Each structure stands twice: as C-alpha cells, then as structure tokens.
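Novice: here is a sequence together with a model predicted from it:
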Amino acid sequence: MQAAAGARAAGIAAVLVACASACALAQSQTQSLPAFERRIDPFEVTDSRGVGYRFPLFGGFNVPRPQLVDLDGDADLDLFVQEAAGELILFERAPGPEPRFEWRTDRYEGLDVGEWYRFADLDDDGDLDLLGEAKYSMIRAWENRGPHADPRFVSVADTIRDEKGGAIFSDRQNIPNVVDFDCDGLLDLMLGRLDGSVTRYEATAPWSGEGAPSFAFVTDNFQGISIVAQITPSSRHGANTLVFADLDGDGDKDLIWGDWFEPGLLLLENNGTCDDPSFSNTPVPWPVGNPISTSGYNAPTFGDVDGDGDLDAIVGILGGAYNPITTAADNLYLLEQTGDGWSLVTRRLIDQVDVGAESVPAVGDLDADGDLDVLLANKIDPANNRTALIYRLENVGTAERPAFREEGALAEVSGDFHYAPTLADLDADGDLDLVVGTWNEGLFLYRNEGSAQSPRFARVEEPLVDLTRGSHASPALGDLDGDGDLDLVAGESSGELNVWRNDGTATAPSFSLVTDTLMAIDVGRRSAPALADLNGDGHPDLVVGSESGETRVLWGTGALDRFEDAGTIALPGIAAPAFADIDGDGDLDLLTGEIAGGLRLYENAGNSSP
C-alpha cells in the first residue's frame, strides 16, 4: 500500500521524545519528523531505451531560464538556471572536454532574484555582480564582494534609478540584459518591452561599488527595433528575452530575441562595428537556415560550453503561444557550433526523470518480487495533450539496492487529466489495486484483475466516492480508526480535506463521508494529503501538500476526524509526496512529485534530538 507524505527536507530535524507509553499521545506535539537528506542520483534510473539519467531525481523543469557565467574564476563556464521565482539553481562545470555539469544548490546564496536575473560586472572590478527583479517590476542590484573563487553578494539597491533619481522599471515577465554593446566602457541596460520595442539606459559613469549603480535614460525606441508577431501582421509581441553575443565572429555583438509569440529565436545582426553598432530591422529566425522551433518564449545564453574555442548555446524553453505542454519535459536545449553551422545536441541538457508537469508518485511492489516499484502521473502528457498518463518505473534491482527502469505508461488508465494515483490492496486478495484522482471526474477505483506478479487494472465505472465540491481530487488511504480496514482522505482544489470511513470490511470496502472540511484545515489551494506513521506510535499521521509548497504536518490520534498540529515544512510547489522504504533499510524515505513534473527523493537519515 502507498502511504504518501512529504517534506522538502534537507535539514528538517526529527526525533521521538522519550516518554512512557501512557503519555505518548499527550506529548505527541513535541515530536518531530525524521531528518531527511536530498539525493539526486542515489541509484541508477534508466529511460525506456535503457540509457541512464545523469540527474535522475533532481526534479523537473518547466520554465528554465539559463545563464552561462564563470562566477568562481576557474576559467570555465558554470550554469545557472532559474525555474521558480526567487530561486537560483547552480550547476558547476565538471572537469573534462565533455559539457558536463554537477548540481550544487537549488538556492544559490539564498538570493531572492524575483522573476529574472542577470549576472554582469557592474563595477568593472573583474568579478560578476547581479541584477534581479524586485516586486513589482523594479530592478534590484547586488555587488559581489567576495574573492573570485568565493563570491559573496551584498544587496546595494532595492531598485536601481536613473540619473534623475527615478526608479527604473522592467516588466517582470520580460528578461532584460546589461552589456556594453557599443564598446565605450559603460554598461547599457536593455529592456525589451511588451510592444516589441527596446528601451535603452546607459550607465552614467563606471560604478565604484559605492551606493547603487545609476543609469541614464537614452531612448524608448532603440534603433527603431519593432518585433511583431507571426499571428497577425499588426500584432505586437508579449513576454520577451534579449541577449547580445557575437554570433558571426566579426568583433561586434548581435542581438538575439526570444518572445512569447515567436516559436524560435530571432537574430538581429549587427551590421555596424563594435563602437558604432547598427542592428538590422529585419529579424531572421536563428540559427539561420536551420532555426529551432518550440512552443515559444525561448531564453538563450551563449558561451564556449565544450571548450573548443567557439560559442555554443543553451536555450531554455519557457513555453509561449504554441502549446507549452509539448515542451514541459524537453526544454533545456544545447546547440553546438560546428563547421557546418549550429547543431542541436540535446533537448534535455540536465537529463532527469520528468513527465511534464504536476507529477504525482505512488509506491508499491507491483510485481511481487520483494522490492518497491514507482508510478508517476502527470497533469497532461507532453506527447499526447488529450490525456494525462501514469508511467511505471520498475525496480530492476533489489529492496536494498534499488535500480529503476522506465517501462512506459499504464495502458489501462487514460482519458482524464491531472492524475493522482495511490496503491493499496482494497479487497484483501493479495494484490495491489489502484485508486486514481482526476481533475474533474472525482476518484476512481482500478481493480487489479491480474495478479500480484502481473497486475492488470480495470476501471470501475462508478466513482469510488463523490467529492462534495471542487476538482483535482488527490487520494490517500490508511487505517485511521484502527479497525483493520482502509479509510480514505482526499484533497482537492479548494485546499480543504475530505474524510470517508470504511464501513465495509477489508475485503469489501464501502466508504461513507465523515467530513468534507476536516478540522477546518485549509492549505490555500490544491491540498494533497498523505498518510504515514512517521512517529512510530501505530497511528497514521497526516501531511498535506499545497500549491504554494507550504505543507502542514498533523499527528494521528487513532480517530478519523482528530489530528494534532505538528507545524509546517517546505516542499516544492503543488507537492505530491509519498513515503516508502525505498532503500530497504527499515525506515521511511520520501519521494515527492512537483509542479515541474519531476521526481525527488529525500533519504531518511534517522532520528536526532533537537
């Protein structure tokens, strides 16, 4: 049976307070969770072709915003990626000729960069400083005050200002750039606007590092650039990105534009010189002659990734006007420059388990071989936007030494959206059945009509239970009242919780609603409950994920409708956690899905005293 719960948890402490059995319940609020440690590649996971993932349990990407920079001064380019607002992920370049990166952190220096970021040497001291978004649509600046090998960023301005002291605004859905494109020694701040034009500011003087950098307004119509959409000739573009790079090796910087309404990237070639730039007003799809085509809103970064002396490109696909679900998994491109032009190397530079968006795991021994297998569902399948799917990852290792191989999707489950699966032997016949929540059709039982070794799921057409309101049903099963059968808890879109008592038996379940507002719990939106005995007292505890990622933990008491608050923990957005002893060492580890469609593992590192 799957008992799901979760914590994004590196560093979350956990202990059981010593107490005689008679006072265990009264003292339960002083108990805390086990300590969990995040693991990216603790064991092998291969795709359906048998190719191993480099970062199998990193999690997914939906809107990766990359930048290549040598931040630590070691003469190679590291990769920063922003996936969520306010967070920066760092992948450090690994030694060797191959373009390989090592994950270092999801929250680089704890910097809150808002909706976008740009590293640049603002004070011309040879190291990289940082710009980012301050709420709402203002520009924040950090100075790098550490040595090259150990950068340290200090906030110097909540918003940078023009020469008159006015705040400079940059639409938060756009990604600007700061670069000295005219070779005069002063940085230019270039802001793409929603109407497809470019606003230019230029630094008033080289910044000394004291106070905040200041930029003078130059123009709202930089070189007459006007990007119009392909949908209709008069349509203006929407959210955009702009990058400057010398793509043709002629010593001046060209402009590359990505846009919500542009399926690829547009090149505006610099036909002037470094000190007298002149950009073409006729954008050309890039790479010229063999342009990329995606779902739109593409964010490029350029640098010599493979060390061969020329520029390569990494392109994040944020998803624009052309069905973003199609690029919900394959969305971080690497293009290499060769003698024959630009060649696409991979669509998933950081290769990981990623099923698209809003992934939900379930864990159970699906083939009765003594180890745990994993199911992973999605919101909408990137390869078939008419349905969600539930993928199977079979454990081809052992209980103590797991190794997983993707085995494709369950053919028996299709036709609905936002699947949320859980596994349990609902009829006590020795094999696992499947309960699946959906976007707007409620909760359904898929009875196992095969065997414990070879499951074959068949949907029972009548819903297992009816939600009294809402959508996005998310089920969890556990014996809440200790009567020997499985009761049911379900979350839904409103953020509240529904509880049903099993009035039947272990072999013939029958559910009756106890409450649709359990203890007035409301996590905001998209409640995702999980049941697991985390403190070893014999009662299932309740952990409730949410759209925001803030997750409530409540200790079980042996009653259907009474839990004791144990505080909150942080998980990825739209968290869907699952507890299971994935490595066979006798304690519960944590698997969790997330908004970006990946799979994360937090290993149980044991108990520790506070």
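Specialist: Cool, the structure landed.
Novice: report the separation between residue 376 and residue 326.
Specialist: 19 Å (Cβ to Cβ, to the nearest Å). Backbone N, C-alpha and C define where each C-beta goes, glycine included.
Novice: the two - which one has more neighbours?
Specialist: Using other Cβ atoms under 10 Å as the criterion, residue 376 and residue 326 rank with residue 376 on top: 28 against 20.
Novice: who is the more buried one paired with across the strands?
Specialist: Each beta-bridge partner of residue 376 is listed here: residue 361, residue 391, as defined by DSSP bridges.
Novice: against residue 95, how distant is it?
Specialist: For residue 376 relative to residue 95 (Cβ to Cβ), the value is 33 Å.
Novice: what is the burial count for the residue lying closest to residue 112 once chain neighbours are set aside?
Specialist: Closest residue in space to residue 112, ignoring its immediate chain neighbours: residue 86 at 4.3 Å, by Cβ to Cβ, 6 or more residues apart in numbering. Neighbour count for residue 86, taken as other Cβ under 10 Å: 16.
Novice: same deal with residue 282?
Specialist: Based on other Cβ under 10 Å, the number of other residues close to residue 282 is 9.
Novice: same check on residue 103?
Specialist: 18.
Novice: surely it meets residue 54?
Specialist: No - applying Cβ atoms under 8 Å as the test, residue 103 and residue 54 come out as separate, 9.5 Å apart.
Novice: which helix or strand contains residue 477?
Specialist: Secondary-structure assignment from DSSP states H and E places residue 477 in strand 474-478.
Novice: strand partners (parallel or antiparallel) of that strand?
Specialist: The strands beside strand 474-478 in its sheet (DSSP bridges) come out as strand 487-491 (antiparallel).
Novice: CA atoms only for the strand holding residue 477, dumped as CSV, please.
Specialist: As requested, C-alpha coordinates have been extracted for strand 474-478 and formatted as CSV (Å, rounded to 0.1, in the frame of the first residue of the first chain):
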residue,chain,number,x,y,z
SER,A,474,-5.9,13.7,-4.5
PRO,A,475,-6.4,10.5,-2.5
ALA,A,476,-4.6,8.8,0.4
LEU,A,477,-5.5,5.5,2.1
GLY,A,478,-4.9,4.4,5.6
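Novice: can you give me the end-to-end distance of stretch 134-146?
Specialist: Distances were taken as Cα to Cα, to the nearest Å; on that basis the terminal residues of stretch 134-146 are 23 Å apart.
Novice: should've said stretch 260-275
Specialist: By Cα to Cα, the extent of stretch 260-275 from end to end equals 31 Å.
Novice: buried residues of that stretch, list them for me.
Specialist: Judged by neighbour count (16 or more other Cβ atoms under 10 Å), stretch 260-275 contains these buried residues: 260-270, 274.
Novice: mean confidence score for that stretch?
Specialist: With pLDDT averaged residue by residue, stretch 260-275 scores 96.
Novice: do stretch 579-599 as well
Specialist: 95.
Novice: can you tell me how far residue 122 is from residue 212?
Specialist: For residue 122, the distance to residue 212 (Cβ to Cβ) stands at 10 Å.
Novice: find residues that contact each of these two.
Specialist: In terms of Cβ atoms under 8 Å, 6 or more residues apart in numbering, residue 122 and residue 212 are both contacted by the residues residue 141.
Novice: show me which of the two is the more surrounded one.
Specialist: Between residue 122 and residue 212, counted using other Cβ under 10 Å, residue 122 has the larger neighbour count: 26 against 17.
Novice: shouldn't the more buried one be in contact with residue 143?
Specialist: Yes - between residue 122 and residue 143 there is a contact under Cβ under 8 Å: 7.1 Å.
Novice: what's the overlap in contacts for the two?
Specialist: Residues touching both residue 122 and residue 143 comprise residue 129, with contact defined as Cβ under 8 Å, 6+ apart.
Novice: where does the nearest residue to residue 418 once chain neighbours are set aside fall, secondary structure wise?
Specialist: The spatial neighbour of residue 418 that comes closest, neighbours along the chain excluded (Cβ to Cβ, 6+ apart), is residue 439 at 3.9 Å. When secondary structure is defined by DSSP H and E, residue 439 falls outside every helix and strand.
Novice: what's the spacing between residue 439 and residue 525?
Specialist: Using Cβ to Cβ, one gets 14 Å for the distance from residue 439 to residue 525.
Novice: and residue 161, by the same measure?
Specialist: Distance from residue 161 to residue 525, counting by Cβ to Cβ: 37 Å.
Novice: low-confidence stretches in the chain?
Specialist: Residues of the chain meeting the criterion pLDDT under 70: 1-32, 229-237, 607-610.
Novice: and the strands in the stretch 51-200 of the chain, which stretches?
Specialist: Counting by DSSP state E, counting those that start in this stretch, the stretch 51-200 of the chain has these strands, from start to end: 65-69, 78-82, 89-93, 101-105, 117-120, 129-134, 138-144, 153-157, 161-162, 177-179, 188-192, 198-203.
Novice: residue 536 belongs to a helix?
Specialist: No - the secondary structure assignment for residue 536 gives coil rather than a helix, going by DSSP: H, G, I helix; E, B strand; the rest coil.
Novice: how many residues are close by it?
Specialist: Once other Cβ under 10 Å is used to define contacts, residue 536 is seen to have 14 neighbours.
Novice: so how far is residue 364 from it?
Specialist: When distance is defined by Cβ to Cβ, residue 536 is 21 Å away from residue 364.
Novice: cool, residue 535 as well?
Specialist: From residue 535 across to residue 364, the span is 23 Å (Cβ to Cβ).
Novice: repeat for residue 313
Specialist: The separation that residue 313 has from residue 364, given Cβ to Cβ, amounts to 43 Å.
Novice: who's more crowded, those two?
Specialist: The neighbour comparison of residue 313 against residue 364 (other Cβ under 10 Å) goes to residue 313, with 27 against 23.
Novice: can you tell me the closest non-neighbouring residue to the more buried one?
Specialist: residue 335 (4.3 Å).
Novice: and that neighbour, what helix or strand is that in?
Specialist: strand 332-338.
Novice: what residues does that strand touch?
Specialist: Residues outside strand 332-338 that contact it (Cβ under 8 Å, 6+ apart): 61, 64, 66, 81, 99, 287, 292, 305-306, 310-317, 342-350.
Novice: and it, what's buried?
Specialist: For strand 332-338, the neighbour count (16+ other Cβ under 10 Å) marks 332-337 as buried.
Novice: now, among these, which is nearest to residue 167?
Specialist: Each of these was scored against residue 167 by Cβ to Cβ, and residue 332 proved nearest at 33.2 Å.
Novice: distance check, that closest one against residue 40.
Specialist: Going from residue 332 to residue 40 by Cβ to Cβ gives 16 Å.
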